[in-house]
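Visitor: Mind folding the following:
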Amino acid sequence: MTAILSFASARQFIMLSPRLFSSSATLGYPKLKSHSGSKKRWRALASGLFKRAHSGHSHLNVSKRPGRKNRLSLTAYSSPSQTAKLKKLMPYS
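Guide: Okay, here's the model as predicted:
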């Protein structure tokens, strides 16, 4: 019985003391995974928005007008509804 109590007190001590090899002392919370497709396509900005490139700019450009190709080369930014979804999909960005 004393071995069980000493193990429980040791575990409680470990949970209360900060670990030396980690920057955070929280236990029991798994890391969240970032969405692979989102992190390949979007980049986070310091303002909290996300940016991405337009698709369809790299091939089959003969049939596209120059103005369309110029618009496709511009950076696209996330809307407020997209930003809320992207913050859930990429929690550490």
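Visitor: could you pull out the helices for the protein?
Guide: 2-16, 36-41, 66-72, 80-89 (DSSP state H).
Visitor: among those helices, which gets the worst mean confidence?
Guide: Ranked on mean pLDDT, the bottom entry among those is helix 2-16, at a mean of 57.
Visitor: Find the nearest non-adjacent residue to Ser38, please.
Guide: Excluding its sequence neighbours, the residue lying closest to Ser38 (CB to CB, 6 or more residues apart in numbering) is Leu89, at 4.4 Å. Yep, even glycine has a C-beta here, placed from its N, CA and C like the rest.
Visitor: Same check on Ala76?
Guide: Arg52 (5.2 Å).
Visitor: what's the answer for Pro91, then?
Guide: Using CB to CB, 6+ apart and skipping the chain neighbours, the partner closest in space to Pro91 is Leu32 (4.6 Å).
Visitor: How many neighbouring residues does that neighbour have?
Guide: Leu32: 10 surrounding residues under other CB atoms under 10 Å.
Visitor: Kindly report the same for Phe50.
Guide: Close neighbours of Phe50, defined as other CB under 10 Å, add up to 23.
Visitor: Which pLDDT does the model give it?
Guide: Phe50 is assigned 98 on the pLDDT scale.
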